[in-house]
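K.L.:
Got a sequence here, can you build the structure:
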Amino acid sequence: MKISKGAIITIIFALAIISVIVCAIIDGDSNPYPNTIKYLEDAFNKNEYGVKIIDSNKGEDITDSFISENKELYENGDWDTIMENFNQKHCHLSVERNSDEE
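P.N.:
As a prediction, this is how the structure comes out:
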C-alpha cells in the first residue's frame with residue numbers, strides 16, 4: 001500500500017493542529033491576570049508595592065473603598081468575582097515599586 005505525499009502532508013498538518021488545540025486546552029486560561037492579582041493581593045495585605053486602584057472614568061484613587069467592598073471576597077479566595085468587580089468599575093492599577101525592587 002502506497003501513501004501519497006499529499007496524504008502524508010495532510011496527516012502531519014492535522015496532527016500539528018490537534019497538538020496546538022490540546023496544548024491550548026491543557027494550558028487554558030488558568031490565571032488570566034497574574035500580575036493584577038499579585039498586586040491586588042498585596043493591596044489587600046501590607047501594600048508593600050504601593051498599589052493604588054484608580055477609577056479610570058473619574059481618575060480617582062478608590063483603593064480603600066475597593067478593598068473594603070471586596071474584603072470578604074478576598075478572604076474567601078473568590079478572585080473571579082474580585083476581578084469581575086475590578087473590570088466592571090473600569091479600574092487600573094498604579095504601582096510605586098515593582099516586585100523586582102528590593
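
K.L.:
those strands in this structure, which residues are they?
P.N.:
For the chain, the strands defined by DSSP state E occupy 51-55, 60-61, 91-95.

K.L.:
Switch these over to TSV; also include mean neighbour count.
P.N.:
For the C-beta atoms, the positions are set from N, CA and C on the backbone; glycine is no exception. Below are the strands of the chain laid out as TSV (neighbours: other Cβ atoms under 10 Å):
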stretch	mean neighbour count
strand 51-55	19
strand 60-61	12
strand 91-95	15
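
K.L.:
can you put those in a markdown table and add mean pLDDT and distance to Thr81?
P.N.:
Formatted as a markdown table, the strands of the chain follow (pLDDT from 0 to 100; distance: least, Cβ to Cβ, whole Å):
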| stretch | mean pLDDT | distance to Thr81 |
| --- | --- | --- |
| strand 51-55 | 91 | 15 |
| strand 60-61 | 91 | 22 |
| strand 91-95 | 87 | 14 |
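
K.L.:
Kindly reformat those strands as a markdown table and extend each row with distance to Leu40.
P.N.:
Listed next are the strands of the chain as a markdown table, based on distance: least, Cβ to Cβ, whole Å:
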| stretch | distance to Leu40 |
| --- | --- |
| strand 51-55 | 7 |
| strand 60-61 | 14 |
| strand 91-95 | 7 |
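
K.L.:
residues in contact with stretch 62-74?
P.N.:
Outside stretch 62-74, the residues that touch it by Cβ atoms under 8 Å, 6 or more residues apart in numbering are 41, 43-44, 51-55, 81-82, 85-86, 89, 91.

K.L.:
Which residue ranges make up the domains of the chain?
P.N.:
Domain ranges of the chain: 1-30, 34-95, per automatic domain parsing.

K.L.:
worst average pLDDT in those domains?
P.N.:
When those are compared on mean pLDDT, domain 1-30 scores lowest, with a mean of 75.

K.L.:
just so I know, which of the strands of the chain lies nearest Ile9?
P.N.:
Of all the strands of the chain, strand 91-95 sits nearest to Ile9, with 47.3 Å by Cβ to Cβ.
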